[in-house]
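Novice: only geometry, no sequence info:
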């Protein structure tokens, strides 16, 4: 089972890897690789980016449609330019999600180290 570490704990676990027989290059490579994977996954799977982008895209399309609607389309919606108002609402919601993403970026989780680093075992499970 892997655990997540704070920076001080990662340093201690890296030291245990060194004592367990891992070379310095292996320890650094392992920690760096895990940090990169965790940061990339956090950025890619942030749903605020996807939801915000889609709402902005559809909001722009509906707003343009609402601005170009004729009287017949507005009369179908009982005198309300529903495309314009829905488009503006979707645009506002999408911009909210993107602003939220920009103002509060995803905190990158601490990388996990292999179990032998936590338990102090060697590379072969000794």
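Specialist: Thanks, I have it. Everything numeric here is computed off the predicted structure, so don't read it as measured data.

Novice: Quickly note the distance from residue 89 to residue 55.
Specialist: 9 Å (Cβ to Cβ, to the nearest Å). All C-beta spots, glycine's among them, are computed from the backbone N, C-alpha and C.

Novice: the more surrounded of those two?
Specialist: residue 55 (20 against 14; other Cβ atoms under 10 Å).

Novice: can you pull the contacts of that one?
Specialist: Residue 55 makes contacts with 90, 91, 93, 94, 97, as judged by Cβ atoms under 8 Å, 6 or more residues apart in numbering.

Novice: at 10 Å what do you get?
Specialist: Neighbouring residues of residue 55 by Cβ atoms under 10 Å, 6 or more residues apart in numbering: 89, 90, 91, 92, 93, 94, 95, 96, 97, 98.

Novice: Let me have these in TSV, adding secondary structure as columns.
Specialist: TSV is the format used below for the contacts of residue 55 (DSSP: H, G, I helix; E, B strand; the rest coil):
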residue	secondary structure
89	helix
90	helix
91	helix
92	helix
93	helix
94	helix
95	helix
96	helix
97	helix
98	helix
